[in-house]
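K.L.:
Got a predicted model here, sequence first, then my questions.
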Amino acid sequence: MPSTIGAALGTVIVGALLDMSWPIRLGLLALVLVVGVGYVLWKHRGEIAAAGLQAADELGEASPTATAAPPPDPTTPTDGVRP
């Protein structure tokens, strides 16, 4: 039963692709590639970030969190007058 449904679905998809013009086919292919690459990058984003930090440490650069300045105190007046 599943193979029959799969064969029918494949036939419908191939038939639809054959009826499309070439620009639409290429656009659909580009869309599938962008979505696929985006999914892979999103799925492995933690590993990519860890590898980037490790490479920065190996090059002797400080990590981005260590060099970031702390946010300003919201209670400090900005006109130069202290209470």
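P.N.:
Now that the structure is in, tell me what you want to look at. Numbers count the residues shown, from 1 in each chain.

K.L.:
What's the local residue count around residue 20?
P.N.:
For residue 20, the count of nearby residues is 12 (other Cβ atoms under 10 Å). For the C-beta atoms, the positions are set from N, CA and C on the backbone; glycine is no exception.

K.L.:
The chain should start at 462 in everything you say after this.
P.N.:
Noted, 462 is the first residue going forward, which turns the last one into residue 481.

K.L.:
Could you count how many residues lie near the residue nearest to it when sequence neighbours are not counted?
P.N.:
Of all residues not flanking residue 481 in the chain, residue 489 sits nearest, at 7.4 Å (Cβ to Cβ, 6 or more residues apart in numbering). Residue 489: 12 surrounding residues under other Cβ under 10 Å.

K.L.:
Equivalent analysis for residue 517, please.
P.N.:
13.

K.L.:
can you point me to the longest helix in this structure?
P.N.:
helix 483-504 (DSSP state H).

K.L.:
how about the helices in this structure?
P.N.:
463-480, 483-504, 506-519, 525-528.

K.L.:
where's the residue nearest to residue 481 relative to residue 467, distance?
P.N.:
Note on residue 489: its distance to residue 467, by Cβ to Cβ, to the nearest Å, is 20 Å.

K.L.:
Please apply the same query to residue 514.
P.N.:
Distance from residue 514 to residue 467, by Cβ to Cβ: 44 Å.

K.L.:
Please apply the same query to residue 473.
P.N.:
For residue 473, the distance to residue 467 - Cβ to Cβ - is 11 Å.
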